[in-house]
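Undergrad: only geometry, no sequence info:
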């Protein structure tokens, strides 16, 4: 009976010590959130836009700015503007995230996008990117929905599984891509990235 008690005691001690140790040592997800209340922080504005035939030698107008006129939460969001009259072009915000070298990870980006109006026409596509290199072209992006599905804020998300390289970094991005020949502005807010 004493021997059984000792065995049970030892097993209990091992469980009490090992379960928290496994939980502590198990990799925790990396979560990065941004609501643009204090600026762009690590986010960078970028675009792939066509030349403007009405202004030879120049690209069509585009701009990404932090604004207080529209926000999903807090007071600020990021406004994405592009002159889409050439029926082409993509604008986005992007950032780099440090991750563990040479490992398989899952990355999910979620964000809120504001459209002034609902439309049965596809005026712009909502696009996102998750990858190992800095996105530079429209073809780098995955279209994950239409921008005018509702009037107001709508959540969009994109998930990808990556095998990280030796430099220990990934890139994520969110933006809009032109689908209709018009000037357009959409807002992005409350971006969250989860790396697990």
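TA: Arrived safely, thanks for sending. All values reported here derive from a predicted model rather than from experimental measurement.

Undergrad: quick one: the strands in this protein?
TA: Ranges of strands in the chain, per DSSP state E, are 30-34, 44-48, 62-67, 77-83, 90-98, 104-115, 124-131, 142-146, 152-163, 169-178, 183-195.

Undergrad: nearest spatial neighbour of residue 157, skipping sequence neighbours?
TA: Leaving aside its chain neighbours, residue 157 sits nearest to residue 110 (4.1 Å; criterion: CB to CB, 6 or more residues apart in numbering). Every C-beta, even on glycine, is put in place using the N, C-alpha and C of the backbone.

Undergrad: ok, what's across the strand from that neighbour?
TA: Beta-bridge partners for residue 110, by DSSP bridges, are residue 157, residue 192.

Undergrad: in the chain, which ranges drop under the pLDDT threshold?
TA: 1-27 (pLDDT under 70).

Undergrad: residue nearest the centroid of it?
TA: For the chain, the residue nearest the mean C-alpha position is residue 109 (3.8 Å; CA atoms, centre = their mean).

Undergrad: give the contact list for that residue.
TA: When contacts are counted by CB atoms under 8 Å, 6 or more residues apart in numbering, residue 109 touches 128, 130, 157-159, 172-174, 191-193.

Undergrad: 7 Å instead, please
TA: Contacts for residue 109 (CB atoms under 7 Å, 6 or more residues apart in numbering) come out as 128, 130, 157-158, 172, 174, 191, 193.

Undergrad: With residue 117 instead?
TA: Taking CB under 7 Å, 6+ apart as the definition, contacts of residue 117 comprise 148, 151.

Undergrad: what about it, distance to residue 123?
TA: The spacing between residue 117 and residue 123, counted by CB to CB, to the nearest Å, is 9 Å.

Undergrad: Am I right that residue 182 is in contact with residue 82?
TA: No. Look at residue 182 against residue 82 with CB atoms under 7 Å: they stay out of range, at 9.8 Å.

Undergrad: Give me the more crowded residue out of those two.
TA: Taking other CB atoms under 10 Å, residue 182 and residue 82 do not tie; residue 82 has more neighbours (27 against 14).

Undergrad: What sits closest to the more buried one if chain neighbours are left out?
TA: Excluding the flanking residues, the one nearest residue 82 by CB to CB, 6+ apart is residue 62, at 4.4 Å.

Undergrad: Tell me who's in contact with that neighbour.
TA: 47, 49, 81-83, 89, 91.

Undergrad: any idea how far residue 61 is from residue 174?
TA: 21 Å.

Undergrad: which of these two has more neighbours?
TA: Neighbour count, other CB under 10 Å: between residue 174 and residue 61, residue 174 has more, with 28 against 14.

Undergrad: I'd like to know which of the contacts of residue 109 is nearest to residue 138.
TA: residue 128 (12.7 Å; CB to CB).

Undergrad: Verify the stated contact: that closest one with residue 143.
TA: No. Using CB under 7 Å, residue 128 is not in contact with residue 143; the gap is 8.6 Å.
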